[in-house]
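Predicted model follows, preceded by the sequence.
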Amino acid sequence: MRSTPRAETFPANTPAASQIFTTVLSQGPLTRLEVVRRTGLSPAAVTKAVRPLIEAGYLVEDVDEDARPALGRPANLVRVDGGRALFLGIKVTGDEIIGVLTDLCCRIRVARHVPLTARDPRTVLRFTADLVGELLTEADGFGVRVQGLGIAVSGDVDRGDGVVRYSPFLEWRDVPLAELAAMTTGLPVTVDNDVRALTVAEQWFGAGVGLSDFAVVTVGAGIGCGLVVHGRVVHGAHGVAGEIGHVTVDPAGPLCHCGNRGCVEAVAGDAAIVRQIREATGIEVTDTAQAVALAHEGVAEARAVYARAGEAIGRGIATVANLLGPERVIISGEGLAAYDLFAEQIRDAFAAAAFGSAAECDVQTRPLPFEEWARGAAATAIQSFITADH
């Protein structure tokens, strides 16, 4: 691995300055008056915070000719200069690593996929280091320094300590991934659960922009959930929160890898669906593509398995709505390839289980390729860069 210059310090040295920059980053361009309204800070505080950010090149001012007042000069719009800094995002799956190079506005500039030959930490770190090296070479062409690396992994991840406590799909326990990756790459590293990382990207740059309370539910190999409450992504006291995949929907249901029975994931996860279709049909179904094909061909047993999966997911989403009352739930994940097979059941089960006005929650689907999950990892690196030390 090549030597990497030490990352610079972001000039927003107070929580208020970080809040102002984040607001402009996710909702801008904005006039200073709009920044005041959206942050609830005083005009003096906004002016004080914006000045050093402009001087350092992170914010720029443009004249907004359309917002010209009746008298006086036109209003100035403040926006983030996306080209001021670069970040890397890595998403680790069971069989490949996806890496992206993004700018400060989390726009993907370069994306790479690398097949994984093994899942042990040593192999994953080696492949990650090689991929980071490739992306750093690509970054040289932009003439801007890479300020951080985000890594997204499924499972129980303690972002504060940078440790993967347990990842069932990788079969990892207590891996100090942030420390190991920082030693290997020479970059500041943020490690987070993959669904939480995706939630950060949706909060700042996607379907959650401007919402103070929403959830991201992912369907596929696992059933995940990222939560934003009062404008903050919920990490939980011990790094675990929003695990609707392990909400019990059928106490007499199939055994889950967590040790309980009838979890949403044990009914609606990809492996569970494949296994149930195999058992119901007697056909040697080996993967999700075959399972979906059988259901689309009209095989009744396969369609029934997907219907039960939709009911489980809908009840899990209703649990989130009943507990937290989010304005929106965004459904994503690779499992959306089969969405037409269980969309009706998700809606019906949600409507039946949601209490009162919780049923008014806006439930929408948002198909996102794995590059977007890697982009989520980059978003966590941007977040760490902006909010470091405060």
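The structure has been received and is ready for your questions.

list the buried ones in stretch 367-381?
Within stretch 367-381, the residues that qualify as buried by neighbour count (16 or more other Cβ atoms under 10 Å) are 368, 370-381. Using the backbone N, CA and C atoms, a C-beta is placed for each residue, glycine as well.

actually stretch 320-334, not the one I typed
Applying 16+ other Cβ under 10 Å to stretch 320-334 flags 320-321, 324, 326, 328-334 as buried.

What's the per-residue pLDDT of residue 18 here?
Residue 18 carries a pLDDT value of 90.

same check, this time on the one 4 residues further on
Turning to residue 22, the model gives it a pLDDT of 93.

now swap in residue 7 and tell me
Note for residue 7: predicted pLDDT of 62.

Ok, residue 49 next?
Looking at residue 49, its pLDDT reads 91.

Surely it touches residue 17?
Yes - with contact defined as Cβ atoms under 8 Å, residue 49 counts as touching residue 17 (3.9 Å).

related to what we said a few turns ago, let's see which of the buried residues of stretch 367-381 end up in helices.
Counted as lying in helices by DSSP state H, out of the buried residues of stretch 367-381, are 370-381.

Make a markdown table from these and add pLDDT to it.
Output for those, formatted as a markdown table (pLDDT from 0 to 100):
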| residue | pLDDT |
| --- | --- |
| 370 | 86 |
| 371 | 92 |
| 372 | 93 |
| 373 | 95 |
| 374 | 97 |
| 375 | 97 |
| 376 | 97 |
| 377 | 98 |
| 378 | 98 |
| 379 | 97 |
| 380 | 97 |
| 381 | 97 |
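
Out of the residues you listed, flag the one nearest to residue 111.
residue 371 (4.9 Å; Cβ to Cβ).

Sticking with the closest residue to that closest one other than its chain neighbours, tell me its helix or strand.
Leaving aside its sequence neighbours, residue 371 sits nearest to residue 111 (Cβ to Cβ, 6 or more residues apart in numbering; 4.9 Å). Using DSSP states H and E, residue 111 maps to strand 108-115.

Next one, pLDDT for the closest residue in space to residue 382 that isn't next to it in sequence please.
Leaving aside its sequence neighbours, residue 382 sits nearest to residue 87 (Cβ to Cβ, 6+ apart; 5.4 Å). Residue 87 is assigned a predicted lDDT (pLDDT) of 98.

After the helix or strand hosting residue 87, heading C-terminal, what element do we hit next?
In the assignment (DSSP H and E), residue 87 maps to strand 86-92. Once the chain leaves strand 86-92, the next helix or strand it forms, by DSSP H and E, is strand 96-103.

Please compute how far that next one lies from its chain's middle.
Computed by Cα atoms, centre = their mean, to the nearest Å, the chain-centroid distance of strand 96-103 equals 13 Å.

where in the stretch 101-250 of the chain is pLDDT low?
Counting by pLDDT under 70, the ranges of the stretch 101-250 of the chain that qualify are 237-240.

hey, where'd the strands end up in it?
In the stretch 101-250 of the chain, the segments counted as strands under DSSP state E, counting those that start in this stretch are 108-115, 146-153, 156-158, 163-167, 172-175, 189-193, 214-219, 223-229, 232-233.

Please enumerate residues in contact with the fourth one?
Defining contact as Cβ atoms under 8 Å, 6 or more residues apart in numbering, one finds that strand 163-167 is touched by 153-158, 170, 172-178, 191, 239.

Tell me which two of the buried residues of stretch 320-334 sit farthest apart.
324 and 334 (25.0 Å).

ok, back up a step: could you check how far the residue nearest to residue 382 is from residue 150?
Distance of residue 87 to residue 150, computed by Cβ to Cβ, to the nearest Å: 7 Å.

Give the intersection of the neighbour lists for these two.
Both residue 87 and residue 150 are contacted by 378, 381-382, under the criterion Cβ under 8 Å, 6+ apart.

just curious, which of these is nearest to residue 280?
residue 378 (41.3 Å).

what's the nearest residue to the closest one if we skip its chain neighbours?
Distances taken as Cβ to Cβ, 6+ apart place residue 89 nearest to residue 378, at 3.0 Å, with adjacent residues excluded.

pretty sure residue 124 is touching residue 93, no?
No - Residue 124 is not in contact with residue 93 according to Cβ under 8 Å; the separation is 10.4 Å.

Now do the shared contacts for those two.
residue 116.
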